[in-house]
Every structure is written in structure tokens, then in C-alpha cells.
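Asks: pasting a predicted model and its sequence here:
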Amino acid sequence: MRILKRFLLGNKNFTREERKMERVKKLTQALSAGDQAECVTLAKELLAEGADLDAVIKEMTNEMREVGKRFETFEIFLPEMMMAAEAMMAVMDVFGPHLVEGSGVASRGTVLIGAPRGDMHEIGKNIVKLMLKANGFQIIDLGPNVDPLEFIKRAEEAKADVIAISTLMTTTMPGATQVIQLLNDKGIRDKYKVIVGGAPTNPDWAKQIGADGWAEDASKATELVEKLLGVN
Amino acid sequence: MLIVGERINSSRKGIGEQLEARNAEFFRQLAIEQVANGADLVDVNCGTLVQGEEEALTWLVDVVQATVDKPLCLDSPNPKALAAALPRCKQRVMINSITGEKDRFEGVLPLVKEYKAQIVALCIDDSGIPDDDRKRLAVATALVDKLTTNGVPLDDIFIDPLVQPLSVNQQNGLAVIKTIAGVREKLPGVHIICGLSNVSYGLPLRKLINQAFLVLALGAGLDAVILDPMDKKMISLLQATRTLLGQDAYCRAYLQAVRQGKIEV
């Protein structure tokens, strides 16, 4: 079919463009399928062809959004979403050194993430981290068991846009409240968007402690950060 | 083999509301059903309450022990809630749980000693949740050492290897199975307990994964389990596996369970 098309159109430039488009389409399909090896191969080919990387990444980000939607509707499951996110990151590793500084996709914002003091759980936090990274955000991971002041110090150092606090226990939820209180005390609350999440948390609690947002899962967390930072 | 019935847990669907409403009849029913289906202990957990865990846990203790004649498993990381509920318990309790984290260890240990409680020891310490079986075994060994040094009898310690979702790391199931086998071999005399359902988080048809996991865990040496006794398939597998593992002389328990209609294929 393609040969016929080329024959009929007889336009070499167009077919090269077409081939590139075809490759991008294949790339997004491989991304959806979480086929990391295929993604890397295609990314390298696109790079060699001098493709517009920003445009390619935009297509991939859109695809990741679709992946997130399919996860939310139970069409796919957590390992499949994570597989896609990891494939996305492998492509970003290929593209990374070739991206223009300050270009639209280089960074969509910086998110500082951690679990409060006394909370050793990291799984939820790490899934959120993976999804945010795959969606082009810079991540600073403070790990588990983080002192409230440490959240703020590190956010100031890194000039973070978002402070994300993940907690799996009711006993450690007050840690999130303390971070917000400290931000208020220091008069720098407006510098950051603070988001919270974790199994025992809920949107009412988030509102009550003065957080800017709450998300149910990693896919929703990505949407939330995009919304709060006004990047789409 | 100890079965801890897990149904009274505020993180389960609909339970939180009933707890807020202090619907005693609802919880009595949950306790009765679980004991009728083989629970040796009844777990009480109101960990999702942001406020008032102490009062709620105490209330649950009163309701459950006025209903069934089985010991309770007080399921909370919060020493204050435990301290409030423990004096009300009429039978010796199991506390779920202590960890190797300094603050939590020091917060819970005095209660374990004072009430001579059985204690679930989770494989966590101040460096976090271990990701492989070797680190888990090292944390378990240190915990058993610290507990016994403090006068807790080996027979009262239940190591929980800490089950993590397979969906996030596909080695998480194997890590637990290997930890169970390791604890059995290296720490004779200590018990091993775990909840199963975490393993299947994020996957469809979770029950199937939980069932296969139970069989593997029992094979590796698990001798106590936190599960839903109303899950007939799970109870059937538990019984059949124990019989297969040589823990059922003359297959008596298995045959009895079949006759009583407790077994489902």
C-alpha cells in the first residue's frame, strides 16, 4: 500500500516525512505496549533522522495520558502503566542530551516528593515519582521518614514548584500538616503547591490541612500537578 | 496454625462508616461469622480514623469480646491507642505490630511486656523497608534478638516478612517466600505470620494471586495467617495444604472439614 502510494505521489520528501510520521506512530504504539527495547530503537532512528524531538515528546506525552486513562478505567493494570512509564523514561534518556535547554519539554516543573517522619513506606511515592518523571517533570526524591523542616529546606534549595507528601499511616499524616504550617510560619506558603496522597488520606483531609490538592493514584497525581502548574 | 480474622478493619469498604456510627450489632455479626468459620483470633483495626483511634479501638475491644470468646489482635502502630485498649482486654492479646524503628520499638515494647502480649514484628527498621529476603532476614534476626533480650519469649514473637505488591516489583512475592524459609531455618522457635492480600494489589482477579501465595507461604513455613475466614476457598486451600504438609494426622481435620461443608473446590 505504501509503495503504491509512493509511486502515485512520486514525491520523495513527502515519503520521508511520511516515514518519520510512521515511526512516531510506531513509537507511541510501542510506548503503549511498554516495549522498551522497541522504543529505544525507534527513538535512536528518529534522532538520527533529525526529527523534531519536542514534537515527538509531545506525541509521547499525549500517549502517556491515554495510558493513564486506560489505567483509571481498568483497561490496563499497574504493572502495564509502569512498564509504559519506564519505556518513556528510556526514550527520554536517548533524547535527553539532544534537547535544547529551556525548550518546552525539557522540564515542565520540579516536584519535591517524600514520606513524612515515621513513615517508611515508599511504594506509592515511587509510583507517583515514576509517572511524574515519565511526564516530563523533574523529581527530587527525599525518600521515606522526612523531617518537616527538611521538606522545606530542600524545596528552597531546589526552587521546587510542588511539594508532594505521601503517607501510608494515620499516625504519620500530621507530618503533612506540619510541613504546611511551617511554610505558613515562614511566610513562603505561596511559593509552592503542596499536594498530598496515600491510602488513609482523602480530599476532605487535604482541604482541611490547607493542601492545594489530593490525588487518588499516580495517574491522577500527574493530572493534578499539570493542572496546578498550568502545563498541558 | 493460627488464623487471625481480618474483617474488622476500617480500611475495608463500608467498615469506616459503621465504626463512625458505632454500630455495635454490625461488628458483633462480623466477629461471630469469623469465629464460626475458623478464626482463632479476631483482628481489630481502626487505623483509618484520623482522630479518635484510641476511643474507637477501645470501643471495638469491648464490643467484640462481649460477643465471642476468642483473643483479640490489636492492630495499630499507635502506642497511645494500644495503651488505651489493652487494659480492657480480658484475654491475652496479640499486638500488631512492632518494628525495628527506634521510636516505634520503644513505644510498643513496654506494652508488650506489661501485658505479656504476643507480638507481630514487622521487618522494618530505621533504614526502611528491606527490598530483598536477605535484608528482611537480617531485620527479623535483629528484632528477635532485641525482643528476647528484653524478656519477650520466642514463642510470643510472630515475624511478619512484610508483603509488598507484585504489581510494583515482580520479585516481591518470591522475597517473602524466601524470607519465610530463611526465618524457619535460622530462627527456630519463632512464629511467622503475614497478611496475604497486599501481594495482589494492582492486579485483576486478586483472589487467585492471594490463594496461590497462601499455598506457597505455607509450604515455606508460615504458621499464622491474617485472612478473611469467610473466604471459603481460602480456608479450603489452607486446610488442604496443611494436610499435604503432614500437619494433619489421619487427614482428620481435612475429613472433618469436608463433612462440615467447610471445603469448596
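Replies: Yep, it's here.
Asks: which ones are touching residue A:135?
Replies: Contacts for residue A:135 (C-beta atoms under 8 Å, 6 or more residues apart in numbering or on different chains) come out as A:61, A:64, A:88, A:108, A:222, A:226. Where C-beta positions appear, they are placed from N, C-alpha and C, glycine not excepted.
Asks: so which of the residues you listed wins on neighbours?
Replies: Neighbour counts for these (other C-beta atoms under 10 Å in any protein chain shown) peak at residue A:88, which has 26 neighbours.
Asks: what residues are up against that one?
Replies: A:31, A:39, A:60, A:64, A:134-135.
Asks: recalculate using a threshold of 7 Å.
Replies: For residue A:88, the contacting residues are A:31, A:60, A:64, A:134, by C-beta atoms under 7 Å, 6 or more residues apart in numbering or on different chains.
Asks: list the contacts of the last one.
Replies: Residues counted as contacts of residue A:134 (C-beta under 7 Å, 6+ apart) are A:64, A:85, A:88-89.
Asks: excluding sequence neighbours, find me the nearest residue to the residue in chain A that chain B sits nearest to.
Replies: At 3.3 Å from chain B, residue A:78 is the closest residue in chain A, using C-beta to the nearest C-beta. Nearest non-adjacent residue to residue A:78, counting by C-beta to C-beta, 6 or more residues apart in numbering or on different chains: residue B:202, 3.3 Å away.
Asks: who does the longest helix anywhere in chain A touch, helix- and strand-wise?
Replies: The single longest helix within chain A, with elements called by DSSP state H, is helix A:12-33. Secondary-structure packing of helix A:12-33 (3 or more C-beta pairs under 7 Å, 6 or more residues apart in numbering or on different chains; DSSP states H and E): helix A:36-48, helix A:53-72, helix A:78-95.
Asks: go through stretch B:23-30 and flag the buried ones.
Replies: Judged by neighbour count (16 or more other C-beta atoms under 10 Å in any protein chain shown), stretch B:23-30 contains these buried residues: B:24, B:26-27, B:30.
Asks: close to chain B: what parts of chain A are there?
Replies: A:77-79, A:118, A:120-123, A:127, A:144, A:169-171, A:173, A:199-200, A:205 (C-beta under 7 Å from any C-beta of the partner chain).
Asks: ok, the residue sitting nearest the centre point of chain A - contacts?
Replies: Closest residue to the average C-alpha location of chain A: residue A:132 at 1.9 Å, with C-alpha atoms, centre = their mean. Residues near residue A:132 by C-beta under 7 Å, 6+ apart: A:111, A:139, A:221-222, A:225.
Asks: ditto for residue B:223
Replies: Per C-beta under 7 Å, 6+ apart, neighbours of residue B:223: B:1, B:191-192.
Asks: for chain A, what is the nearest residue in the stretch 101-250 of chain B?
Replies: When distances are taken as C-beta to the nearest C-beta, the stretch 101-250 of chain B reaches nearest to chain A at residue B:202, 3.3 Å away.
Asks: that residue and residue B:165 touch, don't they?
Replies: Yes - if you go by C-beta atoms under 7 Å, residue B:202 and residue B:165 touch, sitting 5.5 Å apart.
Asks: which one's more surrounded, those two?
Replies: Neighbour count, other C-beta under 10 Å: between residue B:202 and residue B:165, residue B:165 has more, with 22 against 19.
Asks: how far away is the more buried one from residue B:120?
Replies: For residue B:165, the distance to residue B:120 equals 20 Å [C-beta to C-beta, to the nearest Å].
Asks: what about residue 81, how many neighbours?
Replies: The chain I'm using is chain A. The local packing of residue A:81 (other C-beta under 10 Å) involves 26 other residues.
Asks: try chain B instead
Replies: When neighbours are defined as other C-beta under 10 Å, residue B:81 has 24 of them.
Asks: could the helices and strands packed on helix A:12-33 be laid out in CSV, adding mean pLDDT?
Replies: Shown next, in CSV, are the helices and strands packed on helix A:12-33 (pLDDT from 0 to 100):
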stretch, mean pLDDT
helix A:36-48, 96
helix A:53-72, 92
helix A:78-95, 93
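Asks: let me know which of these is tucked in deepest.
Replies: helix A:78-95 (a mean of 20; mean count of other C-beta atoms under 10 Å in any protein chain shown).
Asks: quick one, that helix and helix A:36-48 angle?
Replies: Helix A:78-95 runs at 30 degrees relative to helix A:36-48, counting by axes from the mean of the first three to the mean of the last three C-alpha atoms, to 10 degrees.
Asks: domain parsing for chain A?
Replies: Domain ranges of chain A: A:2-98, A:110-229, per automatic domain parsing.
Asks: and of the ones you listed, who's closest to residue B:170?
Replies: Relative to residue B:170, the nearest member of the domains of chain A by C-beta to C-beta is domain A:2-98, separated by 7.4 Å.
Asks: and the residue of chain B most remote from its centre, how far from residue B:94?
Replies: Relative to the centre of chain B, the most outlying C-alpha is that of residue B:250, 28.5 Å out, by C-alpha atoms, centre = their mean. In this view, residue B:250 and residue B:94 are 30 Å apart by C-beta to C-beta.
Asks: ok, residue A:141 next?
Replies: Residue A:141 is 36 Å from residue B:94, by C-beta to C-beta.
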